[in-house]
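Trainee: sequence plus predicted model, see below.
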Amino acid sequence: MDLDFTKEQVEFRDQVRTWLVENKPREVRPRDNEGIRDYDMAWQQTQWKGGWAGIAWPTEYGGRGLTLLQQLIWYEEYAAQGFPGIDANFVGLSHAGPTLITRASEEQKTLHLPKILKGEAIWCQGFSEPEAGSDLASLKMKAVVDGDSLVVNGQKIWTSFAMHAHYQELLVRTDNSGTKHKGITWVICDMSTPGIEARPIRTIEGGEEFCEVFYDDVRIPLSNVVGEIGSGWSVAMSTLSFERGTAFTANQVRLAKVVEDLIDFARDHVGPDGRRAAIEDDEISRRLARARASVASLRAMTYVGICENMKSDTPGPRGSMLKLHYADLCKEVAALAMDIVGVDALRDSSRWDKNGWVGNYLYSFSQSIGGGTSEIQRNIIGERVLGLPR
């Protein structure tokens, strides 16, 4: 396998870097959900106007029609500039959009994909329920066909940005007569529909982007069903393959930047012994070296995954390997940061932001839960990659 970039790809990287430097937002990203939403939508609109939205998306829906490797180059340069995550736009750009590209009708793609790329629509995910998280096929939220609509009743939970989203990728149960994997339907839900109530859930690091969402006789047009009624499990597996595969490309690139920032911090700040720079401590130095090596291995896995995904419309189960390694490494790096920063972190309230050291540490625990728990990822790897018995 040739891991060197071509001359054209190097030139593309230079173009990306130049545009990002010239167009990088100058204002500080807000910390409240509404401010994050407005910031992220405005930044997405800037990318759209500059011709940098949807690099690997089809041109007929507003994308540039380039390769996943060029998308990876964009993420690498994006992270190098220190940009924050694409939190409010994550679902739309990283798995709702890609799912629509591969599974939706032409009418659905034409309506929704340009809105996502232009920063005009925020999406959220309505998959998990109070009793159906890791075992997603156990979902119970009921939907009944009534004329040309689905009438939905029930509850979803851990729905990021539900209070501010325009649309939702929603899984409902339309049939209980078969096995639990059958009778599930994937549907596009307009979040302004009467009967929907979103309530924020305050998390340990102080964020409130997670929500629980209640549905009371919510009527969704049958034309919003993606695929066929009752075939939603297959569509959901496409969504999750994107969420666990290509969607984490940006995350792992950003993690590499976090590790390098932590190394710089350790050089400039006194370590736990109070006498020398943290990086001069043998144990801390060893752990920093291990973190950098682990990031390098994660990057290599990402490159291999991208090359494999270029041969298929939908990422395969190997994305679970990337997701599992990423989740473990996030927690390892966050814990190391706390050992280096020490009690000083508790004195600086700005560090409690998700992008600060303390906030990052508290948030890191969710990485082994969101998008499928690490236990689920190990099952997928064992059964679908290694061919082990259930």
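Mentor: Arrived safely. The model shown is predicted, which means the values in this text are computed figures rather than measured ones.
Trainee: helix or strand: which one has residue 215?
Mentor: strand 211-221 (DSSP states H and E).
Trainee: CA atoms of that strand as PDB?
Mentor: What follows is strand 211-221, C-alpha atoms only, in PDB (Å, rounded to 0.1, in the frame of the first residue of the first chain):
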ATOM      1  CA  CYS A 211     -32.000  16.200  25.200                       C
ATOM      2  CA  GLU A 212     -34.800  13.800  25.900                       C
ATOM      3  CA  VAL A 213     -37.600  14.200  23.300                       C
ATOM      4  CA  PHE A 214     -41.300  13.300  23.700                       C
ATOM      5  CA  TYR A 215     -43.700  12.600  20.900                       C
ATOM      6  CA  ASP A 216     -47.500  12.900  21.300                       C
ATOM      7  CA  ASP A 217     -49.500  11.900  18.200                       C
ATOM      8  CA  VAL A 218     -46.900  13.400  15.900                       C
ATOM      9  CA  ARG A 219     -47.900  13.000  12.300                       C
ATOM     10  CA  ILE A 220     -45.100  12.400   9.800                       C
ATOM     11  CA  PRO A 221     -45.800  12.100   6.100                       C
END
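Trainee: just checking: what are the partner strands of the helix or strand that comes right after that strand?
Mentor: Sequence order places strand 225-226 as the next helix or strand after strand 211-221, per DSSP H and E. When sheet partners are counted by DSSP bridges, strand 225-226 sits next to strand 184-190 (antiparallel).
Trainee: buried set for the longest helix along the chain?
Mentor: Counting residues, the longest helix found in the chain (DSSP state H) is helix 282-309. Neighbour-count burial for helix 282-309, counted by 16 or more other C-beta atoms under 10 Å, picks out 284-285, 287-288, 291, 294-295, 298-299, 301-302, 305-306, 309. Quick note: C-beta positions are derived from backbone N, CA and C, even for glycine.
Trainee: do the same with stretch 265-284
Mentor: By 16+ other C-beta under 10 Å, the buried positions in stretch 265-284 come out as 265-266, 271, 278-279, 281, 284.
Trainee: reformat those as JSON lines; add distance to residue 199, pLDDT and secondary structure.
Mentor: Output for the buried residues of stretch 265-284, formatted as JSON lines (distance: C-beta to C-beta, whole Å; pLDDT from 0 to 100; DSSP: H, G, I helix; E, B strand; the rest coil):
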{"residue": "265", "distance to residue 199": "37", "pLDDT": "89", "secondary structure": "helix"}
{"residue": "266", "distance to residue 199": "41", "pLDDT": "93", "secondary structure": "helix"}
{"residue": "271", "distance to residue 199": "44", "pLDDT": "83", "secondary structure": "coil"}
{"residue": "278", "distance to residue 199": "42", "pLDDT": "92", "secondary structure": "helix"}
{"residue": "279", "distance to residue 199": "45", "pLDDT": "94", "secondary structure": "helix"}
{"residue": "281", "distance to residue 199": "45", "pLDDT": "92", "secondary structure": "coil"}
{"residue": "284", "distance to residue 199": "42", "pLDDT": "94", "secondary structure": "helix"}
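Trainee: tell me the two of the residues you listed that are most distant?
Mentor: 265 and 281 (13.2 Å; C-beta to C-beta).
Trainee: returning to what we had before: between the buried residues of helix 282-309, which sits nearest residue 145?
Mentor: Closest approach between those and residue 145, by C-beta to C-beta: residue 309, at 35.5 Å.
Trainee: returning to what we had before: so which residues make contact with the strand holding residue 215?
Mentor: With contact meaning C-beta atoms under 8 Å, 6 or more residues apart in numbering, strand 211-221 is reached by 124, 126, 141, 143, 146, 148-163, 168, 170, 187-190, 193-201.
Trainee: C-terminal to the lowest-mean-pLDDT helix or strand in the chain, what's the next element?
Mentor: Every helix and strand of the chain was ranked by mean pLDDT, DSSP states H and E. The lowest is helix 344-347, at a mean of 66. Next along the chain after helix 344-347, taking DSSP H and E as the criterion, comes helix 357-364.
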